[in-house]
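Chemist: Predicted model and sequence below, questions to follow.
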Amino acid sequence: MKKIIFSLLGIAVIVIIAITSCQKTDEVINSNLKKMNFESYEKYGKIHNDFLSYFKNEFVINPDITKLSEGIDYITQFYINYAMRLDLSADEKDNLIKSLEDYKRFLYTPDLYNELFVSEESKGLYFESITQAYKLGIIDDFEFNSMNLIGQKAKDNHDGLISYEELKNIILQIKNEWIAKGYSIESDKGHALAITLAISLASIEWWEENPDAFSDNQKNTKALPVWAATDIVGAAVGATMSAITSYATTGEVNWSAVGINAVSGAVMGSTGAIAKGGQWLSSLFKK
């Protein structure tokens, strides 16, 4: 009888241990499944908007400059001076300053559009960079398809084929789809698209709140093609090109640096659409 009792007690202990072990395993699994939070990427959108506000409110044209290249360098240095004052880590500032230099060519909007979307040899840098990032495994199927769609719709908006509201709704829909995907915080996927979306939505908000930044020939149009396309595609190219470079250099991606690079790509892409900057650079091109 005692043997039976001891046997039953032994079985009970084993069961308790097994249940406890399963509970601990479930806790580990649940912690591993903690999802990415879209709000954590919105800091990049805020930095982007702060740059545009600073340019709109503080930039002063230098009348002594007569060449387009000099005008581009002048605006770039203006942004670098501002970047040095931001509350960022030393590494973030270094990345930001370097990427502002890297993407300064985006300031002149006509050249930006041609480089990103029009090329005699291919479909342009935008779609090339997305495809390369996908082939390297930096972005997954959902990101690849979403970023391709964003690029195509931004191009359509630029060309006057779809309205600004249609483009905005597509961006919002993709954001909701990204959230529904439930990316794990430990995943190496989902970041590039989230960064692009966060900057794009922040940009949309900034332009809606600053209609006086439009040039005269944009104010009465429904599509507002230039700023919408250049801001969004600048962010996406900045993100994917930075991720590709990081992966090629170290075999992994520094997503914090990618976010900073995406900010620079978007800032330089959209500055040319601000009346103060775009009209000045266009006047230098004609000289």
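Modeler: Nice, thanks for sending it over.
Chemist: Going by C-alpha atoms from here, please, whenever you check contacts or count neighbours.
Modeler: Fine.
Chemist: any idea which residue sits dead centre in this structure?
Modeler: T196 (2.7 Å; CA atoms, centre = their mean).
Chemist: and the gap between that one and Y74?
Modeler: According to CA to CA, to the nearest Å, T196 stands 27 Å off from Y74.
Chemist: Any stretches of the stretch 101-250 of the chain with poor pLDDT?
Modeler: 118-122, 214-228 (pLDDT under 70).
Chemist: how about 50 then?
Modeler: 217-225 (pLDDT under 50).
Chemist: All the helices of it, in order from the start?
Modeler: 109-117, 125-135, 141-158, 164-181, 191-209, 225-250 (DSSP state H, counting those that start in this stretch).
Chemist: Could you export those helices to JSON lines, including columns for distance to K276?
Modeler: Below are the helices of the stretch 101-250 of the chain laid out as JSON lines (distance: least, CA to CA, whole Å):
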{"stretch": "helix 109-117", "distance to K276": "13"}
{"stretch": "helix 125-135", "distance to K276": "26"}
{"stretch": "helix 141-158", "distance to K276": "20"}
{"stretch": "helix 164-181", "distance to K276": "22"}
{"stretch": "helix 191-209", "distance to K276": "14"}
{"stretch": "helix 225-250", "distance to K276": "13"}
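Chemist: wait, which of those is closest to E42?
Modeler: Ranking these by proximity to E42 (CA to CA) places helix 191-209 first, at 5.2 Å.
Chemist: Can you get me a residue count around Y44?
Modeler: Using other CA atoms under 10 Å, Y44 has 24 neighbouring residues.
Chemist: Model confidence at it, what's the number?
Modeler: For Y44, the model assigns a pLDDT of 96.
Chemist: Tell me how far I75 lies from S89.
Modeler: 23 Å.
Chemist: With neighbour numbers in mind, choose between these two.
Modeler: I75 (22 against 9).
Chemist: Show me what the helix or strand encompassing the more buried one is in contact with.
Modeler: I75 is part of helix 68-83 when elements are defined by DSSP states H and E. The contact list for helix 68-83 (CA atoms under 8 Å, 6 or more residues apart in numbering) reads 51, 55, 59, 65, 93, 96-97, 100-101, 104-105, 107-108, 281-282, 284-285.
Chemist: try 7 Å this time
Modeler: With CA atoms under 7 Å, 6 or more residues apart in numbering as the contact definition, helix 68-83 has outside contacts at 65, 93, 97, 100-101, 104, 107, 281, 284-285.
Chemist: who wins for neighbours among those residues?
Modeler: L107 (27 neighbours).
Chemist: Against F285, how distant is D141?
Modeler: D141 is 41 Å from F285, by CA to CA.
Chemist: for K35, same thing?
Modeler: Distance of K35 to F285, given as CA to CA: 48 Å.
Chemist: for I72, same thing?
Modeler: 11 Å.
Chemist: And V258, by the same measure?
Modeler: 31 Å.
Chemist: Over to A192?
Modeler: On the measure of CA to CA, A192 and F285 end up 34 Å apart.
Chemist: in stretch 65-73, what counts as buried?
Modeler: 68, 71-72 (16 or more other CA atoms under 10 Å).
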